[in-house]
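> sharing a model that was predicted from the sequence below.
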Amino acid sequence: MTAFCGLVSRLLFVLLLLFVCVHLAACGLLPPLGTKRMSADVTNVREIALEKWTALPKLPANASTGWLSDFSSLVLNQLVERAIMANPNLKAAAARVDQARAETVQAGADRLPSISTNFSASRTQAPGDQRFSGLGQINNRFRLPLNVSWEIDFWGRVADQRGSAKARRFAAEEDFYAARLSLAATTVRTAISLAESQALLSLAEQNVQTRRVQLGILDRQMARGLDPDRAALDLSLSRADLARAESTIQQRRAAVDQTRRALEVLMGGYPAGLERGLSSLPTLRREIPAGLPSELLLRRPDLRAAERRLEAALRTESAAKKAFLPSIRLTGENGRTSQDVDDLLDPQAAIWNIASNITQSLFQGGRILATAQQTKARYEEQLQTYTNSALTAFREVETALAADGFYRQQAAALDQAATEAERAESLAQGQYEKGLSEVLTLLDTRQRAFDARSSLITVRALRLRNRADLHLALGGEF
């Protein structure tokens with residue numbers, strides 16, 4: 001028991017010594033190389049904005065869905081919640097975050113000592129010889145060592161590798177937030193498209209019903225023999241117009257069916273074409289405030305992810321450059337060895353050794369230099385990707401802001417056009433019944449009224465989808 005306690009005491013001492021060394025090595029003599037260069041590069045990208053950016057803030061918890069209140073639709077909120085809970089692509093993004101977290105742990109494992117133990121037993125026999133007696137004996141050997149191996153991260157190379165993995169983990173988390181926000185916006189757009197298709201289908205069905213009534217009137221006129229030549233012409237034109245209206249219904253039904261199935265897949269369900277969606281197009285609760293600051297873009301997950309990947313590339317480049325410096329490794333062994341298992345705890349059976357080595361690479365055919373150049377090129381690639389992400393973000397925001405004004409004015413004009421077209425249709429109907437106008441005039445005014453109402457529905461839906469695009473471009477609400 002005394003021998004066992006001594007072994008434990010020495011083990012604790014070794015572990016304490018290793019902890020102190022790890023703490024000292026964690027400080028590192030060299031910080032990540034190129035930090036000032038990255039800071040300058042990021043500043044140059046941020047100066048693209050009309051307003052000065054600040055450091056990345058913490059992402060709001062409701063950034064992905066807080067903006068849904070703009071649409072004043074409880075059903076729309078429920079559809080988005082169902083999609084977030086069941087969409088397989090979002091679940092895949094969450095799994096990638098878990099992978100990145102595990103990779104961070106793996107990358108940081110080299111900063112700590114590697115400790116292992118193993119029990120070995122062997123039995124040997126030397127060949128007998130007449131000249132030397134006793135050589136035919138059988139020998140047993142039992143070993144129970146504790147092995148320690150550790151590369152001291154003197155220059156911070158391993159810390160850079162862990163920092164790179166950590167930055168990639170943050171980028172994966174931002175990618176998840178981006179996927180969540182994109183899924184919410186896509187669900188909103190698809191639900192609005194379904195409501196639009198259903199409204200257009202209802203309008204097309206009303207149009208067909210009106211034309212069937214008109215055709216019935218013409219059939220009765222034809223039966224009474226009133227101006228048979230004119231009635232026959234009017235009848236043929238009305239039948240052709242009715243057939244075209246009926247074909248429009250089939251087109252609208254196909255659009256409704258396709259959009260329903262697309263919405264069902266977004267929500268992780270089988271595309272059975274049974275989803276009802278919204279009963280009508282939602283209304284916007286508020287207008288876009290004037291003078292949105294550029295700093296709103298800092299909530300945009302894909303932009304944040306691009307900056308994280310830039311940091312990861314810099315850390316990887318720093319680690320590659322530090323590979324030119326010598327590496328320091330400590331190894332040690334402490335344990336017991338004996339010819340009998342019962343003697344393993346005997347103090348006389350103790351063994352130990354400790355060693356250290358410094359390794360400096362002299363020639364590897366240019367491998368280390370090529371790796372450093374490769375990582376530098378990857379950093380440049382990520383820098384240009386980050387710059388392009390910022391430009392794309394500004395373009396999407398500016399386009400969505402401008403489009404909102406265009407759609408608002410277009411909707412106002414179409415609303416007036418639909419009102420006038422309906423009035424013209426009513427006047428043409430009265431004049432035709434009095435014999436003051438041709439059936440072509442009536443059919444033309446009726447088609448104009450139908451087209452104006454259809455266009456008004458489409459533009460209203462476009463503005464709603466554009467509002468979802470704006471929130472996606474801003475990374476959340478205003």
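That came in fine, so what should we check first? All of these numbers come straight from a predicted model, not from anything done at the bench.
> C-alpha only now, for contacts and for neighbours.
Will do.
> where's Asn139, which helix or strand?
For Asn139, the host element (DSSP states H and E) is strand 138-152.
> buried ones in that strand?
Under the neighbour-count criterion of 16 or more other Cα atoms under 10 Å, strand 138-152 has Phe142, Arg143, Leu144, Pro145, Leu146, Asn147, Val148, Ser149, Trp150, Glu151, Ile152 buried.
> what is the helix or strand following that strand packed up against?
Per DSSP H and E, the first helix or strand lying C-terminal to strand 138-152 is helix 157-224. Applying 3 or more Cα pairs under 8 Å, 6 or more residues apart in numbering; DSSP states H and E, one finds that helix 157-224 contacts helix 74-86, helix 88-108, helix 228-266, helix 301-322, helix 439-474.
> least confident pick among the buried residues of strand 138-152?
Note: of these, the lowest pLDDT belongs to Phe142, at 69.
> what pLDDT does Lys181 get?
No Lys there; residue 181 is Leu. On pLDDT, Leu181 comes in at 94.
> how about the residue nearest to it when sequence neighbours are not counted, secondary structure?
Nearest residue to Leu181, sequence neighbours excluded (Cα to Cα, 6 or more residues apart in numbering): Ser64, at 4.4 Å. Judged by DSSP: H, G, I helix; E, B strand; the rest coil, the three-state class of Ser64 is coil.
> now the strands for the stretch 251-400 of the chain?
In the stretch 251-400 of the chain, the strands defined using DSSP state E, counting those that start in this stretch lie at 327-338, 350-359.
> any idea which of these is most buried?
Compared across the strands of the stretch 251-400 of the chain, strand 327-338 shows the largest average neighbour count, a mean of 18 (mean count of other Cα atoms under 10 Å).
> pLDDT on that one, on average?
For strand 327-338, mean pLDDT rounds to 74.
> next, the angle strand 138-152 makes with that strand.
Interaxial angle of strand 327-338 relative to strand 138-152 (axes from the mean of the first three to the mean of the last three Cα atoms, to 10 degrees): 160 degrees.
> what's strand 327-338 packed up against?
strand 138-152, strand 350-359.
> so which of those is nearest Thr186?
Smallest distance to Thr186 across the helices and strands packed on strand 327-338 (Cα to Cα): 49.5 Å, for strand 138-152.
> next, the angle strand 350-359 makes with the closest one.
40 degrees.
> give me the sheet partners of strand 138-152 and which way each runs.
In the sheet, strand 138-152 lines up against strand 114-117 (antiparallel), strand 120-125 (antiparallel), strand 327-338 (antiparallel) (DSSP bridges).
> make CSV out of those strands and add distance to Lys321.
Below are the strands paired with strand 138-152 laid out as CSV (distance: least, Cα to Cα, whole Å):
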stretch, distance to Lys321
strand 114-117, 25
strand 120-125, 41
strand 327-338, 13
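> among those strands, which is nearest Leu462?
strand 114-117 (60.5 Å).
> excluding its backbone neighbours, what's nearest the residue nearest the centre of the chain?
Central residue of the chain (Cα atoms, centre = their mean): Ala179, 3.1 Å from the mean position. In space, and not counting its chain neighbours, Ala179 is closest to Leu90: 6.2 Å by Cα to Cα, 6+ apart.
> again, but for Thr371
Ala320 (6.4 Å).
> list the contacts for that neighbour?
Arg157, Ile368, Thr371, Ala372, Thr375 (Cα atoms under 8 Å, 6 or more residues apart in numbering).
> rerun that using 10 Å as the cut-off
For Ala320, the contact set (Cα atoms under 10 Å, 6 or more residues apart in numbering) comprises 33, 157, 160-161, 314, 368-376.
> still on that earlier bit, mind putting the strands of the stretch 251-400 of the chain into TSV with distance to Leu383?
Below are those laid out as TSV (distance: least, Cα to Cα, whole Å):
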stretch	distance to Leu383
strand 327-338	30
strand 350-359	34
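> and of those, who's closest to Ile249?
The nearest among the strands of the stretch 251-400 of the chain, by Cα to Cα, is strand 327-338 at 75.4 Å.
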